[in-house]
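Peer 1: based on what follows, work out the 3D shape:
(2 chains, ligands or ions: 2)
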There are 2 protein chains.
Amino acid sequence: MAPVYKVHYFDIHGRAEPIRWLLTYGNLKYEDVRYSSEDWAKFKPSTPLGQMPCLEVDGKIINQSTPICRYLGKIVGLGGKDEWENLLIDVAVENLGDLHKKIMEMAFEGDAAKKKTMEEDLVKKDLPFFLGKFDETAKKNGGYFALNRLTWADFMFTCAYETYKNVITPDVWSKYPNLLKVKDNVLKIQTLQDWIKKRPANKMFSKFDLKEEL
Amino acid sequence: MAPVYKVHYFDIHGRAEPIRWLLTYGNLKYEDVRYSSEDWAKFKPSTPLGQMPCLEVDGKIINQSTPICRYLGKIVGLGGKDEWENLLIDVAVENLGDLHKKIMEMAFEGDAAKKKTMEEDLVKKDLPFFLGKFDETAKKNGGYFALNRLTWADFMFTCAYETYKNVITPDVWSKYPNLLKVKDNVLKIQTLQDWIKKRPANKMFSKFDLKEEL
Ligand SMILES: N[C@@H](CCC(=O)N[C@@H](CS)C(=O)NCC(=O)O)C(=O)O
Ligand SMILES: N[C@@H](CCC(=O)N[C@@H](CS)C(=O)NCC(=O)O)C(=O)O
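Peer 2: Ligands and ions are numbered 1, 2, ... in the order given. Predicted coordinates for the structure are as follows:
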């Protein structure tokens, strides 16, 4: 029997969105459970570490977004063909994670003046450095983020791209044509297009939604 | 022919130590290259993202410590037997990573007063929460960190344990007997004992070295 999947998260894209995409891509039926803060307070103690997203598989609740994506990536055929390829996927995702941390620290900085300086620094230093490196890799890979074909790392990048377009003011992307190809290659997938058109609006960031680029 | 491995890192334990342990455990010969800051400045541009540790495999230089450990873990027979088990290992390692981030933020805080408050907070809140959860899992697993047998997650935990004993002042460990078992199970391994006795002293933290517990 097919496993029963549930995705537990807030009513936002965030860390759950690549999980939802992987399930969608694999035609794996799942329940998309979305918590208000009140409901979350009740559910929180039932999660392994008091945090979401969680993937529930036949009643077993698993936390940690990246491991969940790696697992589903393999299940839906978007993993590597051997451990060396899996390593290259994992490295690409972790490199993106190092940039992500910096960007989200800026995005959630409460002090407006400090946030502005952090954004300027990012736009001057970290973004050109990281995105430049990622763009080089994507070029070498013919428009894919980790290997020279579609993997779950492309989903991670494209979800991150949507977030970055929400939280970074200047449009930096035209400098990275190969990263735009990664995103385009992902957005070509029909089942993902269908999902992006019908999914609930992001309650966290509303400046930009990928459906504008379909 | 056996691959030629090199580990590139500073002359400290840090993020490279579980990589060195996995190679040692698997009897995989490697060159343990250790950089002074001057030599690092020269080598830095040759690394994928300007950071170490890097694992060099037959001339290809790979960064990101956790993906490298996952890769080597599988190669030396310390991975899961299927993707579900790999998921459980990855989740355990990522949960540890979430705690690690908090502990290292405290350890590297420059302002002494702020650092003291951060440590008090950790000792009061995060440590009991995370270590309590990890201890429960280790109990269920009979003294292992992720599955009910030795995996690369046990190496990650034991290396982290050494770091935490260096940077956290109070001895919190007696409250977590099952985590101490994880560490003991790892330190039982003869090749690791040999390595721990002969490895270069940690230039970063010198308060505690695992060899005291062999
Ligand atoms: N490392 C975890 C982090 C999870 C996390 O930070 N979750 C946040 C939302 S994105 C959360 O659950 N916050 C609510 C809470 O802590 O109560 C992952 O990647 O899944
Ligand atoms: N996410 C990376 C982080 C690597 C990292 O932070 N490396 C530090 C040392 S632990 C480094 O290379 N610092 C020197 C520099 O950036 O020049 C990993 O886990 O490998």
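
Peer 1: what helix or strand does the nearest residue to residue A:191 once chain neighbours are set aside sit in?
Peer 2: Distance criterion CB to CB, 6 or more residues apart in numbering or on different chains; nearest residue to residue A:191, sequence neighbours excluded, is residue A:24 at 5.4 Å. C-beta coordinates here come from the backbone N, C-alpha and C atoms, glycine included. Here residue A:24 sits within helix A:17-25, counting by DSSP states H and E.

Peer 1: helices along chain A, start to end?
Peer 2: Read by DSSP state H, chain A holds these helices, from start to end of the chain: A:17-25, A:37-43, A:65-75, A:83-107, A:112-121, A:127-140, A:152-167, A:177-187, A:190-198.

Peer 1: briefly note if stretch A:172-190 comes near chain B.
Peer 2: No: for stretch A:172-190, no contact with chain B is found by CB under 8 Å from any CB of the partner chain; the gap never falls below 15.7 Å.

Peer 1: count of residues packed around the closest residue to ligand 2 within chain A?
Peer 2: Going by CB to the nearest ligand atom, ligand 2 is nearest to residue A:98 of chain A, at 5.1 Å. The tally of other residues near residue A:98 (other CB atoms under 10 Å in any protein chain shown) stands at 14.

Peer 1: equivalent analysis for residue A:198, please.
Peer 2: Residue A:198, neighbours per other CB under 10 Å, totals 8.

Peer 1: check residue A:161 too.
Peer 2: Using other CB under 10 Å, residue A:161 has 22 other residues around it.

Peer 1: who's in contact with it?
Peer 2: Residue A:161 is in contact with A:173, A:179, A:183, A:210, counting by CB atoms under 8 Å, 6 or more residues apart in numbering or on different chains.

Peer 1: before we move on, back to that, could I have the helix holding residue A:24 exported to PDB, CA atoms only?
Peer 2: Provided in PDB are the C-alpha atoms of helix A:17-25 (Å, rounded to 0.1, in the frame of the first residue of the first chain):
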ATOM      1  CA  GLU A  17       7.600  24.300  -0.100                       C
ATOM      2  CA  PRO A  18      10.300  22.100  -1.600                       C
ATOM      3  CA  ILE A  19       8.800  19.200   0.300                       C
ATOM      4  CA  ARG A  20       5.400  19.900  -1.200                       C
ATOM      5  CA  TRP A  21       7.000  20.200  -4.600                       C
ATOM      6  CA  LEU A  22       8.800  16.900  -4.400                       C
ATOM      7  CA  LEU A  23       5.600  15.100  -3.300                       C
ATOM      8  CA  THR A  24       3.800  16.800  -6.200                       C
ATOM      9  CA  TYR A  25       6.500  16.000  -8.700                       C
END
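
Peer 1: and chain A, which residues reach ligand 1?
Peer 2: Chain A comes close to ligand 1 at residues A:14, A:15, A:44, A:50, A:51, A:52, A:53, A:63, A:64, A:65, A:66, as judged by CB under 6 Å from any ligand atom.

Peer 1: residue A:44 is in contact with the fourth one, correct?
Peer 2: Yes: in this structure residue A:50 lies within contact range of residue A:44 using CB atoms under 8 Å: 5.2 Å.

Peer 1: look at residue A:127 and report its pLDDT.
Peer 2: At residue A:127, the pLDDT value in this model is 98.

Peer 1: circling back to that earlier point, quick one: the residue of chain A closest to ligand 2 and residue B:49 touch, right?
Peer 2: Yes: with contact defined as CB under 8 Å, residue A:98 reaches residue B:49; the gap is 7.4 Å.

Peer 1: quick check: neighbours shared by those two?
Peer 2: residue A:130.

Peer 1: residue contacts, residue A:14?
Peer 2: So residue A:14 contacts A:53, A:163, A:204 (CB under 8 Å, 6+ apart).

Peer 1: may I see the ChimeraX selection of the buried members of these?
Peer 2: In ChimeraX, this line selects whichever of these come out buried by 16 or more other CB atoms under 10 Å in any protein chain shown:
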select /A:53,163
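
Peer 1: check the residue of chain A closest to ligand 2 and give its pLDDT.
Peer 2: 97.

Peer 1: so what's the residue count around the residue nearest to residue A:191?
Peer 2: Residue A:24: 21 neighbours (other CB under 10 Å).

Peer 1: if we can go back for a sec, and of the contacts of residue A:14, the nearest to chain B?
Peer 2: residue A:53 (12.1 Å; CB to the nearest CB).

Peer 1: does that closest one touch residue A:7 like I think?
Peer 2: Yes: contact criterion CB under 8 Å: residue A:53 and residue A:7 qualify, at 6.4 Å.

Peer 1: shared neighbours of those two, anything?
Peer 2: Joint contacts of residue A:53 and residue A:7 (CB under 8 Å, 6+ apart) are A:16, A:19.

Peer 1: what's the separation between residue A:33 and residue A:49?
Peer 2: Note on residue A:33: its distance to residue A:49, by CB to CB, to the nearest Å, is 18 Å.

Peer 1: before we move on, back to that, could you dump the helices of chain A to TSV with distance to residue B:139?
Peer 2: What follows is the helices of chain A, written out as TSV (distance: least, CB to CB, whole Å):
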stretch	distance to residue B:139
helix A:17-25	29
helix A:37-43	24
helix A:65-75	22
helix A:83-107	29
helix A:112-121	42
helix A:127-140	41
helix A:152-167	33
helix A:177-187	42
helix A:190-198	41
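
Peer 1: list the contacts for residue A:78?
Peer 2: Contacts of residue A:78 (CB under 8 Å, 6+ apart): A:22, A:25, A:150, A:151, A:152, A:154, A:155.

Peer 1: save the contacts of residue A:14 as TSV, and put in distance to ligand 2 and pLDDT too.
Peer 2: Formatted as TSV, the contacts of residue A:14 follow (distance: CB to the nearest ligand atom, whole Å; pLDDT from 0 to 100):
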residue	distance to ligand 2	pLDDT
A:53	21	98
A:163	19	98
A:204	25	96
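
Peer 1: so what pLDDT did residue A:91 get?
Peer 2: At residue A:91, pLDDT is 99.

Peer 1: whoops, residue A:1 was the one
Peer 2: The model reports residue A:1 with a pLDDT of 84.

Peer 1: same deal with residue A:185?
Peer 2: pLDDT at residue A:185 comes out at 98.

Peer 1: roughly how far apart are residue A:60 and residue B:84?
Peer 2: As for residue A:60, its distance to residue B:84 is 9 Å (criterion: CB to CB).

Peer 1: wait, residue A:158 touches residue A:187, no?
Peer 2: Yes: assessed by CB under 8 Å, residue A:158 is found in contact with residue A:187 at 7.1 Å.

Peer 1: mutual contacts of these two, please.
Peer 2: residue A:210.

Peer 1: more neighbours: the two, which one.
Peer 2: Legend: neighbour count by other CB under 10 Å for residue A:158 and residue A:187, higher for residue A:158 (24 against 16).
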